[in-house]
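In: Sequence plus predicted model, see below.
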Amino acid sequence: MEESLKMSQPVVIEWNATDVDLATVERNMAALWKQLADAQDRVCPVRTHIFNLVVYAGKHEEAQRIEHALSQLEDRQPSRTIILHGDRTPDRMSIDAAASVVCSPVSADRAPRGCERLSICAWGRAADHLDSVVIPLLIPEIRTYLWWPGQPPFGYRSFHRLLAFADQLVVDSAQFESPGDGLSDIARLSSGAQGVNDFHWARLATWREIISQFFDGAHNVAYARNVQSLSLHFGAGGGELHRRSATAGLLLLLGWAGHAFHWEPETTLEGLLESNLELTAIQGNRLIPIHIRFDDHGEKAAGRLMLVEIDASAPGLSNARFTVQRTEDMQNARISEALKNQPTHERVVPLALRSDVEVLIDELETTGHDAIYESSVAQASRFAGRVIWTPA
């Protein structure tokens with residue numbers, strides 16, 4: 001175990017072992033903290049836990065990627081993080097563990113803070129009981145997030161046993177193999193105790209805010225009840241991962257529009273978004289065409305939302321076209337509001353791409369149920385041709 005200390009740099013002290021029990025893991029975690037305290041010759045690190053974060057990593061490579069991402073947020077959001085990996089195939093039943101404590105560098109305004117990270121690999125039959133492995137390692141009386149990269153296996157025992165002890169589920173619907181099914185499952189889950197934080201919903205937050213502003217005020221609110229058409233353009237190119245992202249983004253935006261404008265789907269998207277497409281929604285007795293297009297804006301834009309255009313008309317008001325278009329550098333959005341026979345109003349607002357780590361930091365500061373998200377996801381599942389069915 002490394003005991004050297006450089007006060008201007010984070011200090012990491014580690015331990016790992018194979019075929020261990022949970023009591024051994026906890027005992028060695030305590031030993032790591034003692035070594036860290038002994039290494040500090042000026043001030044003892046503060047053991048800081050804002051929350052428990054449990055992350056399921058389906059593959060070893062994914063676990064390494066997740067560990068790298070988490071290392072970038074430990075100073076801002078110190079917690080006890082448990083990364084899980086389970087493999088049922090080996091005949092042996094055992095648990096391998098790796099643990100580390102990380103001490104942030106000393107600054108002028110605060111003492112060093114310490115946090116913990118555990119990596120647990122459960123082999124054989126132990127992989128069927130990951131909840132029994134995790135629960136004794138959780139710090140009580142603080143909230144627990146369960147982050148599940150990819151599409152959670154809703155309905156499977158292994159997933160729901162882990163979900164049962166979590167306060168909040170964190171997902172990225174852009175990674176769902178079947179976005180329609182995944183969003184439908186989330187809609188059903190929303191009636192339960194856990195709230196859901198969705199990376200992709202967060203990525204679309206600025207788009208939703210801008211679109212909402214078009215219909216603010218007494219003058220423009222009538223346009224919300226009289227949308228004539230909606231156009232959504234995505235970046236072309238990339239592979240299946242980008243098509244998943246575009247599909248999830250489309251469904252979330254349509255679900256949100258359905259919630260905000262009281263739309264119901266008339267035609268639906270039941271698979272991945274592959275190419276240009278026409279859908280329709282119903283508002284009262286009116287059909288609203290929805291035009292989905294792919295345009296080549298380069299590799300960075302593949303699968304990303306690039307343009308939203310809304311045509312609307314209302315009795316006694318000029319025809320209007322509201323447009324939000326991402327700039328080619330991907331850093332800003334150009335917004336225009338064009339009313340017939342009136343000057344076009346334009347402005348530019350920041351719309352920089354955020355890394356997954358930056359999104360995760362924000363999502364780990366959010367708890368509880370998001371009523372707008374949950375209503376939007378329920379509508380999104382309908383636009384995906386799914387029905388949240390319960391027996392009569």
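Out: Good, I have the coordinates. The structure presented is a predicted model; accordingly, all values stated were derived computationally and were not measured.
In: buried stuff in the lengthiest helix in the chain?
Out: Longest helix of the chain, by residue count under DSSP state H: helix 240-261. Using 16 or more other Cβ atoms under 10 Å as the test for burial, helix 240-261 gives 242-261. The way it works is simple: take the backbone N, C-alpha and C, and place the C-beta from them, glycine included.
In: For the next helix or strand after that helix, name the packing helices and strands.
Out: Downstream of helix 240-261, the first helix or strand assigned by DSSP states H and E is strand 264-265. Using 3 or more Cβ pairs under 8 Å, 6 or more residues apart in numbering; DSSP states H and E, the elements in contact with strand 264-265 are helix 240-261, strand 277-283, helix 371-383.
In: Turn these into JSON lines, including distance to E141 and mean pLDDT.
Out: Below are those laid out as JSON lines (distance: least, Cβ to Cβ, whole Å; pLDDT from 0 to 100):
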{"stretch": "helix 240-261", "distance to E141": "34", "mean pLDDT": "96"}
{"stretch": "strand 277-283", "distance to E141": "46", "mean pLDDT": "96"}
{"stretch": "helix 371-383", "distance to E141": "27", "mean pLDDT": "96"}
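In: which one of the ones you listed lies closest to N28?
Out: Proximity to N28 (Cβ to Cβ) singles out helix 240-261 among the helices and strands packed on strand 264-265, at 38.2 Å.
In: Give me the contacts around the helix or strand harbouring E358.
Out: Per DSSP H and E: E358 is located in helix 356-363. Here helix 356-363 makes contact (Cβ atoms under 8 Å, 6 or more residues apart in numbering) with 69, 72-73, 76-77, 147, 170, 172, 197, 199, 202-203.
In: what do you get if the cut-off is 7 Å, keeping everything else the same?
Out: With contact meaning Cβ atoms under 7 Å, 6 or more residues apart in numbering, helix 356-363 is reached by 69, 72-73, 76-77, 170, 197, 199, 202-203.
In: just stretch 245-265 next, same as before
Out: Residues outside stretch 245-265 that contact it (Cβ under 7 Å, 6+ apart): 173-174, 176, 179-180, 183, 200-201, 204, 208, 224, 227, 230, 232, 234, 272-273, 281-283, 288, 292, 303, 305, 372, 375-377, 379-380, 382-384.
In: ok, now which ones touch G368?
Out: G368 makes contacts with G195, as judged by Cβ under 7 Å, 6+ apart.
In: that's a helix at it, yeah?
Out: No. Applying DSSP: H, G, I helix; E, B strand; the rest coil, one finds G368 to be coil, outside a helix.
In: For it, give its distance to L277.
Out: G368 is 35 Å from L277, where distance means Cβ to Cβ, to the nearest Å.
In: Mark which of the contacts of stretch 245-265 are buried, thanks.
Out: Buried subset of those (neighbour count, 16+ other Cβ under 10 Å): 173-174, 176, 179-180, 183, 200-201, 204, 208, 224, 227, 230, 232, 234, 273, 281, 283, 288, 292, 303, 305, 375-377, 379-380, 382-384.
In: For the residue lying closest to C121 once chain neighbours are set aside, give me the pLDDT.
Out: Spatial nearest neighbour of C121, chain neighbours left out: D96 (4.3 Å); criterion: Cβ to Cβ, 6 or more residues apart in numbering. pLDDT, D96: 93.
In: again with A314
Out: So, for A314, pLDDT stands at 82.
In: Please name whichever of the helices and strands packed on strand 264-265 is nearest to S336.
Out: Of all the helices and strands packed on strand 264-265, helix 240-261 sits nearest to S336, with 18.7 Å by Cβ to Cβ.
In: just how off-centre is the closest one within its chain?
Out: Distance, stretch centre to chain centre, for helix 240-261: 14 Å (Cα atoms, centre = their mean, to the nearest Å).
In: How about stretch 139-148?
Out: Chain-centre distance of stretch 139-148: 16 Å, with Cα atoms, centre = their mean.
In: Show me which positions of it end up buried.
Out: Buried, per 16+ other Cβ under 10 Å, within stretch 139-148: 144-148.
In: Then stretch 15-27?
Out: 15, 20, 22, 25.
In: Could you do stretch 316-333 as well?
Out: The neighbour-count check on stretch 316-333 (16+ other Cβ under 10 Å) flags 320-326, 330, 333 as buried.
In: And that stretch, end to end?
Out: Stretch 316-333 stretches 30 Å from its first residue to its last (Cα to Cα, to the nearest Å).
In: and the residue lying closest to R80 once chain neighbours are set aside, bridged to which residues?
Out: Spatially, and ignoring its direct neighbours in sequence, R80 is nearest to E116 (4.8 Å; Cβ to Cβ, 6+ apart). In this entry, E116 is beta-bridged to R80, V101, by DSSP bridges.
In: what number of residues lie near E116?
Out: Applying other Cβ atoms under 10 Å, we find 23 other residues in the vicinity of E116.
In: can you list the domain ranges for the chain.
Out: The record's domain parsing of the chain by automatic domain parsing lists 11-199, 203-356.
In: Off-centre distance for the last one?
Out: The reference is to domain 203-356. Using Cα atoms, centre = their mean, the offset of domain 203-356 from its chain centre is 20 Å.
In: tell me the angle of the longest helix of the chain relative to strand 277-283?
Out: Orientation check (axes from the mean of the first three to the mean of the last three Cα atoms, to 10 degrees): helix 240-261 against strand 277-283 gives 20 degrees.
In: which residues of the stretch 101-250 of the chain fall in strands?
Out: 113-123, 144-147, 168-171, 195-198, 227-235 (DSSP state E, counting those that start in this stretch).
In: now those strands as a markdown table including mean pLDDT and distance to V54?
Out: Converted to a markdown table, the strands of the stretch 101-250 of the chain look like this (pLDDT from 0 to 100; distance: least, Cβ to Cβ, whole Å):
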| stretch | mean pLDDT | distance to V54 |
| --- | --- | --- |
| strand 113-123 | 86 | 10 |
| strand 144-147 | 95 | 5 |
| strand 168-171 | 96 | 10 |
| strand 195-198 | 96 | 14 |
| strand 227-235 | 97 | 33 |
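In: Please produce TSV containing the ones you listed, extended by distance to A312.
Out: Output for these, formatted as TSV (distance: least, Cβ to Cβ, whole Å):
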stretch	distance to A312
strand 113-123	50
strand 144-147	39
strand 168-171	33
strand 195-198	28
strand 227-235	5
